[in-house]
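1. structure here, sequence nowhere to be found:
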C-alpha cells in the first residue's frame, strides 16, 4: 500500500516512524511511504514540524498488507465415460478450495474440496468453478476458469448365450444381448480382434460349425448418443467337436427268444458304449449307465444306448424295443406217418393256444402263406403214391414252430386171386 501524509501548516514537514516509536525531527520524511511486505501490520506514527510552530501532536494509523491467495487451477474439462475424478490445486500452501458444480460463483460458503480431488459418477454435465481462501493475513483468491465435465453413462457390456467355453458338438450358435435399450451390438470372429462400429452388426445368433476348430467371438455395444460411452469389449471362445456315431442294435426291435443276445456297435473307433433299460431324461449323463462289454440278453421292454469318446460329443441316444416270445409247439400228425391202403386222411394239430397249422405236400418248406387246415383233414388217395407232408405252427405272440414232416405211402390193394371152381376130375 502507498501511504501519503500531508499537513496544512505552512512550511510544515511531516516526520514519521514505522517501528512503533514516536517520530522526532530526525525521523524519516520521504513520501509516499510504500508498505509492500505481505502479511504484515505496520503502525505509522507521524507529526508535523514547522519553523515558528510547536511540533504537532503525533498521529498514528495501522496498515495491514495481506497476501492474495493464488487462484485455484481446475483440471481441464471434457467427456468422461462413467465417472471423472476432478483435481483442483492452489499454489498457496494451506489454502482451502471451495467449488460449485452448477457454474455459479463460489464463495467460502460453497462446498469444500477435500483431498485435492472430487469424483463424480452420476451421468450428466458438471460445471466447476473454484476459489481459495486462507485464514490470517490473506485475501480470497479470484475465481478459477469454468470447466465443464460431461459424464457419460456406459452402455452395458454384451452377454453371450451360451457362455464362454461352451463346447459345441458338430455346430452351435451364440446369441448376443445387451441390457441397454437402443444400443447396437457389433462383433468380430477373429481371436483378439477388437470390434468397432465398423465391424459386423449383430442381427441374429452367430453360428460356429467348423468341426475340430475353435470359434472366437468379440463384441461391443454402442449407442449413438453423446451421453453414452461404448461398452467394454467382451470375448468368448467355443470349441467345435465332432459327434460320435450312433449305437446300432443287432437284432433291432421285434420279438426275441429269452436266450437270444443283443449286440451293440458304433462306427466310432475307441468309443465306449453305455446302455440302460430305464428311459433317460434329456441331457442325461450316459456314463452313469451300464457300460457295454459284450452281447447280453434282454427282457420285454426298451433298451437305450449311446457312446462316448474323449474329444467327441456323445452320440445321439438310440433305442430298440424287444418282446420276449417262445416258440410255438410243432404240429402232430394223426394218424402217424406210414403206409396206408387205398387212402388216408391226415389231421394236423397243435397245443399252442391260437396256433394255426400251415402245411405243404409238394416237398417245399411251409410258411405263414401256406395252406391251413380248417377242420378238414388232408385226404391222400392217390394209389401207389408217396407224399411228404410238411407242417408248422404259426401263432400270434410266438415264433413259428420248427417245420415237421411225415411221409405217407398210399398202397394199392392187390386183387384177390380167382380160383376155378373145384370139383371131381378124372
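-> Happy to help now that I have it. Keep in mind it's a predicted model, so treat the numbers as computed, not measured. Numbers count the residues shown, from 1 in each chain.
2. buried sites along stretch 373-387?
-> Within stretch 373-387, the residues that count as buried by 16 or more other Cβ atoms under 10 Å are 373, 378, 380, 387. C-beta coordinates here come from the backbone N, C-alpha and C atoms, glycine included.
3. and the contacts of it?
-> 340, 342-348, 357, 359, 361, 389, 407-412 (Cβ atoms under 8 Å, 6 or more residues apart in numbering).
4. just the buried members of these?
-> Using 16+ other Cβ under 10 Å as the burial test, those include 340, 344, 346, 348, 357, 359, 361, 389, 408, 410 as buried.
5. low-confidence ranges in the stretch 251-400 of the chain?
-> Along the stretch 251-400 of the chain, no part satisfies pLDDT under 70.
6. for residue 19, give its distance to residue 44.
-> Separation of residue 19 from residue 44 (Cβ to Cβ, to the nearest Å) stands at 10 Å.
7. for residue 62, same thing?
-> 8 Å.
8. higher neighbour count, the two?
-> residue 44 (19 against 8; other Cβ atoms under 10 Å).
9. that one falls within a strand, correct?
-> Yes - applying DSSP: H, G, I helix; E, B strand; the rest coil, one finds residue 44 inside a strand.
10. just to check, it is in contact with residue 34?
-> No - taking contacts as Cβ atoms under 8 Å, residue 44 lies outside contact range of residue 34: 11.7 Å.
11. so which bits of stretch 275-283 are buried?
-> Of all the residues in stretch 275-283, those buried under the rule 16+ other Cβ under 10 Å are 275-276, 280.
12. likewise for stretch 218-225?
-> Those would be 218-223, for stretch 218-225 by 16+ other Cβ under 10 Å.
13. for stretch 62-70, same thing?
-> Neighbour-count burial for stretch 62-70 [16+ other Cβ under 10 Å]: 66, 69-70.
14. do stretch 151-165 as well
-> Within stretch 151-165, the residues scored as buried using 16+ other Cβ under 10 Å are 151-158, 160.
15. dump the residues you listed into TSV; add secondary structure as well.
-> Listed next are the buried residues of stretch 151-165 as TSV, based on three-state DSSP:
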residue	secondary structure
151	strand
152	strand
153	strand
154	strand
155	coil
156	coil
157	coil
158	coil
160	strand
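16. let's have the residues you listed in JSON lines, adding distance to residue 284 and pLDDT.
-> Output for the buried residues of stretch 151-165, formatted as JSON lines (distance: Cβ to Cβ, whole Å; pLDDT from 0 to 100):
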{"residue": "151", "distance to residue 284": "52", "pLDDT": "97"}
{"residue": "152", "distance to residue 284": "49", "pLDDT": "97"}
{"residue": "153", "distance to residue 284": "45", "pLDDT": "97"}
{"residue": "154", "distance to residue 284": "42", "pLDDT": "97"}
{"residue": "155", "distance to residue 284": "40", "pLDDT": "98"}
{"residue": "156", "distance to residue 284": "36", "pLDDT": "98"}
{"residue": "157", "distance to residue 284": "35", "pLDDT": "98"}
{"residue": "158", "distance to residue 284": "33", "pLDDT": "98"}
{"residue": "160", "distance to residue 284": "26", "pLDDT": "98"}
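17. strands of the stretch 301-426 of the chain, start to end?
-> With DSSP state E, counting those that start in this stretch, the ranges of strands along the stretch 301-426 of the chain come out as 301-308, 312-313, 318-324, 326-327, 332-334, 338-341, 344-349, 356-360, 378-380, 385-394, 398-399, 404-411.
18. quick one: which of those strands is nearest residue 200?
-> Among those, strand 312-313 comes nearest to residue 200, with 27.7 Å by Cβ to Cβ.
19. what pairs with the closest one, parallel or antiparallel?
-> strand 234-243 (parallel) (DSSP bridges).
20. now do the partner strand against strand 301-308, angle only.
-> Relative orientation of strand 234-243 versus strand 301-308 (axes from the mean of the first three to the mean of the last three Cα atoms, to 10 degrees): 120 degrees.
21. among the buried residues of stretch 62-70, which one sits closest to residue 106?
-> Nearest to residue 106 among the buried residues of stretch 62-70, with distances taken as Cβ to Cβ, is residue 69, at 12.8 Å.
22. once you drop chain neighbours, what's closest to the closest one?
-> residue 141 (4.1 Å; Cβ to Cβ, 6 or more residues apart in numbering).
23. that neighbour is in contact with residue 67, isn't it?
-> No - Residue 141 lies out of contact with residue 67 (Cβ under 8 Å); the separation is 10.5 Å.
24. name the residues contacting each of the two.
-> Common neighbours of residue 141 and residue 67 (criterion: Cβ under 8 Å, 6+ apart): residue 92.
25. contacting residues around residue 272?
-> Contacts for residue 272 (Cβ under 8 Å, 6+ apart) come out as 291-292, 307-309.
26. show the pLDDT at residue 203.
-> At residue 203, the pLDDT value in this model is 98.
27. look at it and give its secondary structure.
-> Of the three states, residue 203 takes coil according to three-state DSSP.
28. separation between it and residue 219?
-> According to Cβ to Cβ, residue 203 and residue 219 sit 13 Å apart.
29. ok, residue 330 next?
-> Separation of residue 330 from residue 219 (Cβ to Cβ): 74 Å.
30. can you check residue 356 too?
-> 71 Å.
31. what of residue 83?
-> Separation of residue 83 from residue 219 (Cβ to Cβ) stands at 23 Å.
32. also residue 37?
-> Using Cβ to Cβ, residue 37 is found at 67 Å from residue 219.
33. equivalent analysis for residue 49, please.
-> Distance of residue 49 to residue 219, computed by Cβ to Cβ: 93 Å.
34. before we move on, what about residue 95?
-> Taking Cβ to Cβ, one finds residue 95 at 49 Å from residue 219.
35. sorry, back to before: overlap of the contact sets of residue 44 and residue 34?
-> residue 3.
36. so residue 220 makes contact with residue 183?
-> No - here residue 220 lies out of contact with residue 183, judged by Cβ under 8 Å, at a distance of 9.6 Å.
37. who touches both of the two?
-> With Cβ under 8 Å, 6+ apart as the test, residue 220 and residue 183 both reach residue 231.
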